[in-house]
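In: I need the structure of the sequence given here:
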Amino acid sequence: MNQKKTNWRWWICLLLFVATTVNYMDRQVLSLTWKDYIAPEFHWTDSDYGTITGFFSIFYAVACLFAGKFVDWMGTKKGFLWAIGVWSLGACMHAGCGWVTMQVEGVESIAALKAVEAGSDLALAIASLSVWLFLVCRAILALGEAGNFPAAIKTTAEYFPKKDRALATSLFNAGASVGALAAPLTIPVLASKFGWEMAFIIIGALGFIWMFFWVYMYDKPQASKHVNKAELDYILQDEANGKAEELKKEPAKEEKTIPFLKCFGYKQTWSFIAGKFFTDGVWWFYLFWAPAYFSECGCGMQTTEGKMLVFVLYLIVTVISIFGGYLPKLFVEKKGMEPYAGRMRAMLIFAFFPLLALFAQPLQDYSVWFPAIIIGLAGAGHQAWSANIFSTTGDMFPKSTIATITGIGAMAGGIGSFLINKGAGVLFDYAAAQGDAFQFFGFSGKPAGYMIIFCICAVAYIIAWSIMKTLVPKHKPIIVD
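Out: Numbering: from 1, shown residues only. All right, here's what the predicted structure looks like:
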């Protein structure tokens, strides 16, 4: 009689989903509060905000370079605990930036901060100091958050066979959308009721709660009391050939890992780097700038319509992107395609979704809801793309090196994000200052700046896919001797 398999892998996937949700909520607190709550206190410009988001991306990129190796060295359980503990601490620390600024600059109250004359020496000093304080907090946040995806992808590779990894990744990666979906419904409310500082503290504290469940629930499948032989056979079907009972009795042998620098000698690594470099910044631009964009259109986060615009945007992302993992599974099981080939075909389909961004700015003249829906569809394409590009590391590299490769790719994505976010901030300030003298595709001033960025976001995925396909046209796994 065949034993009915347990389903503990899906509980682990749920934990990854919650961690990713918390990750993105922590990341969203700033984008949902800076324009309407923080900037008036600290006299920030778009360029100041672009500096903070841009350098967050650089901090994240550098941390990712080492986070994957750290997770591979520390192990999934301890590595994930360190990651979420550090980023939760960094998130809560943002709340102290206002108090420190007032103490250093000798300003007695928040009202006095806001009352400082714009453009004065004191206003510039307040803006400069507060930006530096936020950069420190963002650096700590980035250091911890860099460990989330390497640890999550490594966990997915441990708990799911190759054919299910894109689905599992798309499910936990949906946490990015759900986090962004929950954020506009909660963070502006917290900021308006208790102050923007408490928004950082309350959302940041969620990570500490998650750590308790991770300690209790996670073990490698071979060592987990919640995974029976039938489920272990299923998990290890790619390499175990049904020998799950032997693996249960004996600890799994550690695979040889690829030395860090040697990783850069493989085309497969550069394929992943290219895919992340060109596309991650697009998602982060939408994440960091969409609330400000809607505020520019007269729908700030203090308004009900502003909150609903961001909510609907990420609702679209969440509902559509969750199917991103099903498409390659369909190609593999129904069409008989090899997993990597099925994944690349799915990614090509998803690469066309962001082209809709070309119409976001033109249709904004009719209704701000058009760009909200369009950005939602483009974002859904990114999340579906992201679920599959992460899974390509499991197709190509041994499990012992997956977190390292994921970290390298995330570093490339962070660099791309720095370029687009810092560039956007500088561009928007410049375009606004130039007014009608700055023209692009029939738009002038800051709308012309947004149109330029939307064009870049639209074509990024087609470029990325073309480079990836050129570097690795067919499935070619790396064997470590």
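
In: give the next helix or strand downstream of the helix or strand residue 376 falls within.
Out: Under DSSP states H and E, the secondary-structure element containing residue 376 is helix 369-396. Where DSSP H and E defines the elements, the next helix or strand beyond helix 369-396 is helix 399-434.

In: output the contacting helices and strands for the very next helix or strand once past that next one.
Out: On the C-terminal side of helix 399-434, the closest following helix or strand by DSSP H and E is strand 439-440. On a contact count with 3 or more CB pairs under 8 Å, 6 or more residues apart in numbering; DSSP states H and E, strand 439-440 meets helix 446-471. C-beta: built from backbone N, CA, C; applies to glycine.

In: hey, what's the angle from the helix it packs on to helix 399-434? Just curious.
Out: Our comparison of helix 446-471 with helix 399-434, counting by axes from the mean of the first three to the mean of the last three CA atoms, to 10 degrees, yields an angle of 150 degrees.

In: re the thing from before, what angle do the helix holding residue 376 and helix 446-471 make?
Out: Interaxial angle, helix 369-396 versus helix 446-471 (the same axes, to 10 degrees): 20 degrees.

In: tell me which residues in helix 369-396 are buried?
Out: For helix 369-396, the neighbour count (16 or more other CB atoms under 10 Å) marks 369-396 as buried.

In: scan the helices and strands of the protein for the one with the lowest mean pLDDT.
Out: Scoring the helices and strands of the chain by mean pLDDT, DSSP states H and E places helix 244-249 at the bottom, with a mean of 45.

In: elements contacting the next helix or strand after that helix?
Out: From helix 244-249 onward toward the C-terminus, using DSSP H and E, the following helix or strand is helix 267-296. The criterion is 3+ CB pairs under 8 Å, 6+ apart, and the helices and strands that helix 267-296 contacts are helix 8-33, helix 46-74, helix 304-321, helix 369-396, helix 399-434, helix 446-471.

In: what angle separates the fourth one from helix 46-74?
Out: Our comparison of helix 369-396 with helix 46-74, counting by the same axes, to 10 degrees, yields an angle of 20 degrees.

In: got it, and the third one?
Out: Angle, helix 304-321 to helix 46-74, by the same axes, to 10 degrees: 40 degrees.

In: quick one: average confidence on helix 304-321?
Out: The predicted model assigns helix 304-321 a mean pLDDT of 85.

In: what of the longest one?
Out: Per-region confidence: helix 399-434 scores 87 on mean pLDDT.

In: buried set for that helix?
Out: Neighbour-count burial for helix 399-434 flags 399-429, 431-432 (criterion: 16+ other CB under 10 Å).

In: surely residue 385 is in contact with residue 344?
Out: No. With contacts counted by CB atoms under 8 Å, residue 385 stays clear of residue 344, the gap being 11.0 Å.

In: from the chain's centroid, how far away is the host helix or strand of residue 174?
Out: The secondary structure element spanning residue 174 is helix 162-194 (assigned by DSSP H and E). Centroid separation for helix 162-194 versus its chain: 10 Å, with CA atoms, centre = their mean, to the nearest Å.

In: show me what that helix is packed up against.
Out: In terms of contact count using 3+ CB pairs under 8 Å, 6+ apart, helix 162-194 is assigned the packing partners helix 8-33, helix 148-159, helix 196-217, helix 304-321, helix 326-333, helix 339-350, helix 369-396.

In: so what's residue 155 closest to, chain neighbours aside?
Out: Closest residue in space to residue 155, ignoring its immediate chain neighbours: residue 76 at 5.5 Å, by CB to CB, 6 or more residues apart in numbering.

In: burial of the one you found, as a residue count?
Out: Other residues within reach of residue 76 by the criterion other CB atoms under 10 Å amount to 22.

In: which ones are touching residue 197?
Out: Contacts for residue 197 were tallied using CB atoms under 8 Å, 6 or more residues apart in numbering; they are 94, 95, 96, 98.

In: selection in PyMOL covering whichever of those residues are buried, please.
Out: Command for PyMOL, covering only those of the contacts of residue 197 found buried under the criterion 16+ other CB under 10 Å:
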select buried, resi 94+95+98
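
In: closest one of the contacts of residue 197 to residue 69?
Out: residue 94 (27.7 Å; CB to CB).

In: about what we covered before: so which of the helices and strands packed on helix 267-296 is nearest residue 166?
Out: Ranking the helices and strands packed on helix 267-296 by proximity to residue 166 (CB to CB) places helix 369-396 first, at 4.3 Å.
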